[in-house]
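Engineer: Can you look at this prediction? I've put the sequence above it.
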Amino acid sequence: MAIHITGDASADQVLTDSPFALLVGMMLDQQYPMEHAFRGPAKVLERFGSIEPAAIAAADPEQFTALCSTPPAIHRFPGSMSARLQELARVVEETYDGRAERLWTEADDGRDLLKRVMGLPGFGKQKAQIFVALLAKQLGVRPDGWEKVVGDYALEGHRSVADVVDPDSLQKVRDFKKQKKAAAQAQAG
């Protein structure tokens, strides 16, 4: 199944072709527009020549940070995110032999998958839930109990990147997030 998150066919193809790229895009999706975050792996591939965890983990940190910082940078905070990306690559390389898909293909159930994703650098509970929902909704990866561990992200609608399949759904997710933020501000103030 093809991923359609970034609005850029070649960047989406990188996400479709590489489970690690998809994981990296999700890691970068914080304090940065989601379609830009998910374009990050394509930028790394273009500039570095590889999106393989072993190559990224072994890269010189200063050189890797420089290529991640080159405009347009991979993230709003390219320095800290390039370091986190290298750490993510190290974990995937050491724990899963460089095969990010083993996170979900070898998970016992939804709870185990959520635990595995939460154990990665840059993944708290909410981000891990969204990633599990993305796997389920976009790739059909649905281990037993996945709906329970992702909560509301399993519901139909446009709540997160898991629900983005085209420009229209991207806008609906943005509108949903804007409404939630406004409601939270109204309740706090």
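Structural biologist: Perfect, I can see it now.

Engineer: per-residue confidence at the residue nearest to D29 when sequence neighbours are not counted?
Structural biologist: Distances taken as C-beta to C-beta, 6 or more residues apart in numbering put A37 closest to D29, at 4.1 Å, once the chain neighbours are dropped. All C-beta atoms are positioned from the backbone trio N, CA, C, and that covers glycine. The confidence metric pLDDT takes the value 95 at A37.

Engineer: And the helices in the chain, which stretches?
Structural biologist: 9-17, 19-28, 34-37, 40-48, 53-58, 61-69, 78-96, 102-105, 110-118, 125-139, 146-150, 167-188 (DSSP state H).

Engineer: same for the second one, what does it pack against?
Structural biologist: Meaning helix 19-28. With contacts defined as 3 or more C-beta pairs under 8 Å, 6 or more residues apart in numbering; DSSP states H and E, helix 19-28 has these neighbours: helix 9-17, helix 34-37, helix 40-48, helix 78-96, helix 125-139.

Engineer: same thing with the last one?
Structural biologist: Secondary-structure packing of helix 167-188 (3+ C-beta pairs under 8 Å, 6+ apart): helix 34-37.

Engineer: S160: which of the helices of the chain is closest?
Structural biologist: helix 125-139 (4.6 Å; C-beta to C-beta).

Engineer: any idea which residue sits dead centre in the chain?
Structural biologist: With distances taken as C-alpha atoms, centre = their mean, the residue of the chain nearest its centroid is M26 (1.1 Å).

Engineer: Much appreciated, bye for now.
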